[in-house]
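Asks: Fold the stuff below for me.
(one chain, ligands or ions: 2)
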Amino acid sequence: SRSIKIAPSILSADFANFGAECRAIEAQGADWVHVDVMDGHFAPNLTFGPATCKAIRPHIKGVMDVHLMIAPVDAYIEAYAAAGADVITAHLESGPHIHRTLQAIRNTGKKAGLAINPGSGIEQVAHLIDLIDLVCVMTVNPGFGGQKFIHSQVDKVRSLRSVIGARPIHIEIDGGVTVETAPLVAAAGADVLVAGSAVFTGGSVDAPEAYGRNIAAI
Ligand code: DX5
Ligand code: ZN
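Replies: Residues are numbered from 1 along each chain as shown. Ligands and ions are numbered 1, 2, ... in the order given. Presented below is the predicted three-dimensional model:
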């Protein structure tokens, strides 16, 4: 019922227990589950691929939000669609043909997201606006959980909100979202907040309850 959706990132979850972790965060009020795919090339870290996404899909009742930090990306889109992603987000910086990439995502019948690194502008969004269901503003550089929120991105969120206006396009924030930074991006016009390390700080037998408290606090 809250207007801001929280999308916990399983990058900070227990990699040996993704199924249980997904069920726990949904039971504790997560709106979406954010799934970070990294290739050790576009992003300086490696996570997992479509087989893992397919394996965790039955443990997620709601939206499976797949963030592809990979390049090239086009050859893998169909695999993530088949794995059960609801939203597939590709990076503006992943190659020279982002328009084609977003068309390919839309052609699978899935929602298409456009992620934008902290060092990139939003000028291209206007040229892609008919192809996107979500813009993900990166408030850290891709690669790792637990990095510090980059405050210069808040103005970008505000500009993006004025470009998007009332169109049904989500503005998602990814990186460094905490109790302190969430209100800043919400006020600037964001409506989906990814949160990794701020949610998965339980680490004990009462972890699910801790997740719930953390989600509620954000
Ligand atoms: C960073 C990932 C994020 C990350 C966020 O490359 O895309 O989704 O998990 O983690 P926190 O919330 O800890 O900054
Ligand atoms: Zn992410």
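Asks: now this protein, which segments are flagged as low pLDDT?
Replies: Under the criterion of pLDDT under 70, the regions of the chain flagged as low confidence span 1-2.
Asks: show me what contacts the closest residue to ligand 2 within the chain?
Replies: Nearest residue of the chain to ligand 2 (C-beta to the ion) works out as residue 67 at 3.7 Å. Yep, even glycine has a C-beta here, placed from its N, CA and C like the rest. Residue 67 is in contact with 34-37, 89, 113, 115, 136, 174, 194, counting by C-beta atoms under 8 Å, 6 or more residues apart in numbering.
Asks: one more time with 6 Å, if that's ok
Replies: Residues counted as contacts of residue 67 (C-beta atoms under 6 Å, 6 or more residues apart in numbering) are 36, 89.
Asks: Equivalent analysis for residue 88, please.
Replies: 66, 80, 105, 110.
Asks: With neighbour count and secondary structure as extra columns, can I get these in TSV?
Replies: Formatted as TSV, the contacts of residue 88 follow (neighbours: other C-beta atoms under 10 Å; DSSP: H, G, I helix; E, B strand; the rest coil):
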residue	neighbour count	secondary structure
66	24	strand
80	27	helix
105	29	helix
110	19	coil
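Asks: hmm, which two among those residues are most spread apart?
Replies: Spatial extent of these (C-beta to C-beta) is set by the pair 66 and 105 at 10.1 Å.
Asks: what about residue 203, how many neighbours?
Replies: 9 (other C-beta atoms under 10 Å).
Asks: Excluding chain neighbours, what is closest to it?
Replies: The spatial neighbour of residue 203 that comes closest, neighbours along the chain excluded (C-beta to C-beta, 6 or more residues apart in numbering), is residue 210 at 7.9 Å.
Asks: any idea which element the one you found lies in?
Replies: Using DSSP states H and E, residue 210 maps to helix 207-217.
Asks: Tell me the spacing between residue 49 and ligand 1.
Replies: Distance of residue 49 to ligand 1, computed by C-beta to the nearest ligand atom, to the nearest Å: 16 Å.
Asks: What residues does this structure have near ligand 1?
Replies: Applying C-beta under 6 Å from any ligand atom, one finds that the chain approaches ligand 1 through 9, 11-12, 34, 36, 67, 140, 142-143, 145-147, 174-177, 194-198.
Asks: Of the residues you listed, which belong to strands?
Replies: Counting by DSSP state E, the residues of the chain next to ligand 1 place 34, 36, 67, 174, 194-195 in strands.
Asks: Farthest-apart pair in those residues, please.
Replies: Once C-beta to C-beta is applied, those give 67 and 195 as the farthest pair, at 13.1 Å.
Asks: Run a quick neighbour tally on the closest residue to residue 176 other than its chain neighbours.
Replies: With C-beta to C-beta, 6+ apart as the criterion, residue 176 has its nearest non-adjacent residue at 2.9 Å, and that residue is residue 149. Using other C-beta under 10 Å, residue 149 has 18 neighbouring residues.
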